[in-house]
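> Task: produce atomic coordinates for the following.
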Amino acid sequence: MRFRFIDIALFGLTFVFVNAFPVDLLPLDIVGQLAVRIGLRVILLAYYIYTLWRRRINIFRFANYRRALLFIPFLLVCFSNIIAAGIAGLPFTAVTVDPLYLSLIIVYHLVGVTIEEFLFRLFIQNILIYASSIKRILASGAIFALFHLINIVNVSSIDALISVIVQVVYAFGIGLLLAMIYEYTYSIPACICFHFIFNLFNMILIENVFMFNIPMLTYYLTAVGCGLVVGIYAVLIYLLVLQKNERYFRE
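Sure thing, here's the model as predicted:
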């Protein structure tokens, strides 16, 4: 797969435009604004898919099924907020939520993670094909994190700014995990599934169904703890398994 720098720049600019579009300024209610956001993301996804179709790129290629099993423990980070809520002793009682709004939220995130995996893994990580696997993983994770700075456009207070900075740091860690999954399975669907599961349990359910107000100290300690466990595991499987067979993964 070969993309020129101009291609990647265009993919990135359209991504920024869609995610930074001032939908909040439109005279619509929250459901209407969410529908517009979904529409913009669907258009961007269609553009990405059309580009892949024109170049006859198979996004369902799966280079190594067995190696994918190695990454199952990565799912621990997908439940860090649920774990934090349990540690804090918060009740797992669902609140009443509009089914239509919840459905739109799920679609919004599903289309969003698909777009992000196309851009950061399929497009950006592949353009670095001549770099080492470690450099590709670090670059993909770093660029993924930096793009989350787009959320600064919604900042209206110091607390919100701090939240964005924390999100960027958190996104770097998740980006590294996603980049590692892609590097050694060459599977975009696997990355999309992992990314969506992360968003579902750490964001969608927490913010819209259970409405947990997790104490910040518990939240950070749990996130760091899960991150350390998964990080140590990632280093071990790289040194003991992946590094030895690295040259075969992209053949």
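> For the closest residue to Phe198 other than its chain neighbours, list the residues it contacts.
Leaving out its chain neighbours, the residue that sits closest to Phe198 by CB to CB, 6 or more residues apart in numbering is Cys78, at 4.4 Å. (C-beta placed from N, C-alpha, C; glycine too.) Residues in contact with Cys78 (CB atoms under 8 Å, 6 or more residues apart in numbering) are 194, 197-198, 200-202.
> 6 Å instead, please
Cys78 makes contact with 197-198, 201, according to CB atoms under 6 Å, 6 or more residues apart in numbering.
> mind checking how far it is from Leu40?
Counting by CB to CB, to the nearest Å, the gap from Cys78 to Leu40 is 26 Å.
> Tell me how many other residues surround the closest residue in space to Leu128 that isn't next to it in sequence.
Once flanking residues are discounted, Leu128 sits nearest to Arg136: 4.6 Å by CB to CB, 6+ apart. A count of nearby residues for Arg136, using other CB atoms under 10 Å, gives 22.
> With Ile143 as the reference, measure out to Arg136.
Arg136 sits 11 Å away from Ile143, going by CB to CB.
> Contacts for the host helix or strand of Leu228, please.
Assessed by DSSP states H and E, Leu228 sits inside helix 216-237. Here helix 216-237 makes contact (CB under 6 Å, 6+ apart) with 70, 73-74, 76-77, 80, 83-84, 87-88, 173.
> go with 10 Å
The contact list for helix 216-237 (CB atoms under 10 Å, 6 or more residues apart in numbering) reads 67, 70-71, 73-90, 137, 166, 169-170, 173-174, 176-177, 180-181, 184, 202, 212-215, 242-243.
> what does stretch 169-176 give?
Here stretch 169-176 has contacts from 74, 77-78, 80, 116, 120-121, 137-149, 151, 168, 178, 194-195, 198-199, 202, 223-224, 226-227, 230-231, 234, using CB under 10 Å, 6+ apart.
> now stretch 129-140
For stretch 129-140, using CB under 10 Å, 6+ apart, the contacting residues are 1-3, 119-121, 123-128, 172, 175-184, 234, 238, 242-243, 246-247, 249-250.
> where exactly do the strands run in the stretch 151-251 of the chain?
In chain order, the stretch 151-251 of the chain shows no strands, with DSSP state E, counting those that start in this stretch as the criterion.
> Could you list the low-pLDDT ranges of it?
151-161, 245-251 (pLDDT under 70).
> go with 80
Counting by pLDDT under 80, the ranges of the stretch 151-251 of the chain that qualify are 151-164, 166, 244-251.
> List buried residues within the contacts of helix 216-237.
With burial judged by 16 or more other CB atoms under 10 Å, the buried subset of the contacts of helix 216-237 is 67, 70-71, 74, 77-85, 90, 137, 170, 173-174, 176-177, 180-181, 184, 202, 212, 214, 242.
> low pLDDT regions in the stretch 1-150 of the chain?
The stretch 1-150 of the chain contains residues with pLDDT under 80 at 1-4, 58-67, 129-131, 148-150.
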